[in-house]
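>>> quick one: sequence plus predicted model below, questions after.
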Amino acid sequence: MNSRKPTEVVKDVVEAAAAKVTDALTPDVPGTPGSAPAPLEEPTTPHGPLPPKGEQGSPETRTPTGAETGAPSISNGQQGDYLTTAQGARLTDTDHSLKAGPRGPILMQDHHFREKITHFDHERIPERVVHARGAGAHGVFTGYGTADGVTRAGFLAKDKETPVFVRFSTVLGSRGSADTVRDTRGFATKFYTNEGTFDLVGNNIPVFFIQDAIKFPDIIHAAKPHPDREIPQAQSAHDTFWDFVSLHTEAQHHTIWNMSDRGIPRSYRTMEGFGVHTFRLVNAVGETALAKFHWKPKLGVHSLDWEEAQLASGVDPDFHRRDLYDAIEAGAFPEWELGIQVFPDIGEETFAGIDLLDPTKIVPEELAPVQPIGKLILNRTPTNFFAETEQVAFHLGHLPPGIDVTNDPLLQGRLFSYVDTQLTRLGGPNYSQIPINRPHAPVNDMLRDGFHQHAVHAGVAPYRPNSLDGGNPFPAGVKENAFVDVPVRVAEAPKVRANPTSFDDHYSQVRLFWLSMSPVEKEHIIRAYTFELGKCYEQAIKERQLRCLANIDPVLCEQVAVGLGLPVPEPTVPLAEVTASPALSQVGEEWPADGRIVGIVVDDDGDLDGVDAVRQAVFGAGMVPLLIAAHGGMVGHLSVQRTFATARSIEFDAILLATAPPPAPDALPARDAKAGAAAPVTVDPRVALLVEEAWRHAKAIGAWGAGVAVLDQVGVAGTPGVVTADSGPEALAAVQALLAAHRVWERFPATVV
């Protein structure tokens, strides 16, 4: 596993980029499509497949039963110099079907045509019902050893390294939907431990819409596109969603998280993850504790502005997956700490009056701090998206010794559902033998046959007890580190379809979340509710949801009602007395700027030496510089990555202006609609729009030399987060300091407190 530090890789990137600049070649910025440059003419000399790109990786070459093969991972890919059939027979032609003469019909005997078309016709498998839109990456998890007192799970031991594969996703949209929609994100991690696979299948929101898994079809049917028109895609701004959550009020806690900035992450790299449920941990002497899992991003929790997210959905619907893969390619490896909140395993399964089996509730971190137990680094992108990201199969029942489930009714239902769905998606019960799903522990399961059986099982007695196979396989005990279901006593009770009364509180934690937000975050929540409900057709649904908001907070309800043009209802339950949890807010701290994208506007008349110094400094800080100019190719001795026609503010975390470029020859509204933006004619209007959008989205902006004139002409000079300097490196230093807070929120004072 490649576990080098991002700074080490960035150093190599800088040195390689400097060498390429010397040779007047393209600088080493992320986005290279292949591992070798493409020649102008079609290659004709036979040679083997090109190796994967440096940042790509494949599943380890394990046998279907978990044994190491010693073969490199590249052996999973295609082999040989020549085109063949699926059976390895070399072919002379794949451009023409076999015909009865050049103008005749295709012959039935054309086995190559049949094989090629049949395989093509069956290339697609059913997409996931939920979490269809996803992106994945390989990495390594290193344990801290700090969890030894509460669990015997071996992968958490001090300095123990475990390979992982992580899949991020949105819940509601189809595979072709956009990344930046307002939605819940999946954060599913497959740990390939030597004690068996552990799947931690979580979300970026710590609570769920429902308390009981039997309601899962209802919430998904309500949140998915309307069945008559299949719209809207990948969003909750429609009648059926709000009809359900306003009636099924246990959904209100998840809903307010979704309406907050958490619903539109800036990046998967700046997204928290949560295991949602309460799990039971078992240590080496059999003692148990209850726990919740948390992923904490190294870069802090950071989100998109709502308008920025809407622009990104059109300009770059692949925004999040591109950001993830470009960061890994640039050496700015995404990193999270895994932590746990630990609670005593008492019979009531509660903590501080909070029911730990209710998946719509959190335990504030001020009451139970998150204790770090390990670190995750993602350092390789998939070699093949379908084989890895699409075929990876998670299941909450994939548990190692030392971690067990609880009676959470949502968790209990998920234990059935995940296996069931793989049978359809992946063609049968042997999905664990697909390379990305193969365990890294010996498998001797007595399971046989079925669709897509890859293993060649020996022996004649796949049953127990047996003597014909010498009694193998033998049951293991605790001394052999077997998984043991914790013998929790199940209380005597009648069979009922009901929830405990502790599940009935649907509003106190929603109010806790609202009161924990900073003023600017409250503004965004008001905006989100107003926008989403404004998209609904039925007035009754809007009015019903306003009743729910009245039970959360009067200011929230009043401000949304004003936006909808509706009367403000009275609450139907007393407002809960709660204590705010500062840990729930995204605003107020400072974070590293690793992997941030800095756009630098240049032209031939600007300070190119200063730009070169800034560019190297950006690389050295672990960020990525993208030069933006009127045209592609070269500006002086520097390579251009974006043009005024192709650039848009959403892809940059900060903007630096080294020049005030005049309108370029293609700055014509008939050719580029952005050129029609109202802007001073002395500056290319697309540059003015770039700066104005970045300012509107509270991003840091810096300028030096001639670039200062742009700030004056756009009218943003002297405003918060807009800096000027005498040199490029000085401007970068000021902007980098602003990036630590993610955004310049003081640019737009909030009206609520």
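Perfect, thanks for sending it.

>>> and the helices in the stretch 51-200 of the chain?
Along the stretch 51-200 of the chain, the segments classed as helices by DSSP state H, counting those that start in this stretch run 111-121.

>>> what's the answer for the stretch 401-550 of the chain, then?
409-425, 508-515, 519-534, 539-550.

>>> among these, which is the most enclosed?
Ranked by mean neighbour count, the helices of the stretch 401-550 of the chain are led by helix 508-515 with a mean of 22 (mean count of other Cβ atoms under 10 Å). From N, CA and C alone the C-beta is placed, and that goes for glycine too.

>>> got the angle between it and helix 539-550?
Per axes from the mean of the first three to the mean of the last three Cα atoms, to 10 degrees, the angle that helix 508-515 makes with helix 539-550 is 80 degrees.

>>> tilt between helix 508-515 and helix 519-534?
Using the same axes, to 10 degrees, helix 508-515 lies at 120 degrees relative to helix 519-534.

>>> so what secondary structure elements neighbour helix 508-515?
helix 252-259 (3 or more Cβ pairs under 8 Å, 6 or more residues apart in numbering; DSSP states H and E).

>>> what does the helix it packs on contact?
Helix 252-259 is contacted by residues 182-184, 205-209, 236, 245, 263, 360-361, 506-507, 509-510, 513-514, 525, 528-529, 532, 548, 552 when judged by Cβ atoms under 8 Å, 6 or more residues apart in numbering.

>>> again, but for stretch 470-482
Contacts of stretch 470-482 (Cβ under 8 Å, 6+ apart): 152, 154, 195, 401, 444, 446, 459, 464-466, 484.

>>> equivalent analysis for stretch 55-68, please.
Stretch 55-68 has contacts (Cβ under 8 Å, 6+ apart) with 2, 52, 69-77, 138, 163, 165, 192, 325, 328-329, 379-384, 388, 430, 433, 435-436, 438-444, 454-455.

>>> rewinding a little: TSV for the helices of the stretch 401-550 of the chain, including mean pLDDT and distance to His302?
Shown next, in TSV, are the helices of the stretch 401-550 of the chain (pLDDT from 0 to 100; distance: least, Cβ to Cβ, whole Å):
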stretch	mean pLDDT	distance to His302
helix 409-425	93	28
helix 508-515	98	18
helix 519-534	98	12
helix 539-550	98	26
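
>>> nearest to Ala580 among those helices would be which one?
Nearest of the helices of the stretch 401-550 of the chain to Ala580, taken as Cβ to Cβ: helix 508-515 at 4.6 Å.

>>> now list the buried members of the contacts of stretch 55-68.
52, 73-74, 76, 138, 163, 165, 192, 325, 328-329, 379-384, 388, 430, 433, 435-436, 438-441, 443 (16 or more other Cβ atoms under 10 Å).

>>> redo the helices of the stretch 401-550 of the chain as CSV? Include distance to Ile701.
Converted to CSV, the helices of the stretch 401-550 of the chain look like this (distance: least, Cβ to Cβ, whole Å):
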stretch, distance to Ile701
helix 409-425, 45
helix 508-515, 32
helix 519-534, 19
helix 539-550, 36
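
>>> so for Lys495, which of these sits nearest?
Proximity to Lys495 (Cβ to Cβ) singles out helix 409-425 among the helices of the stretch 401-550 of the chain, at 13.8 Å.

>>> which strands or helices does that closest one pack on?
helix 216-223.
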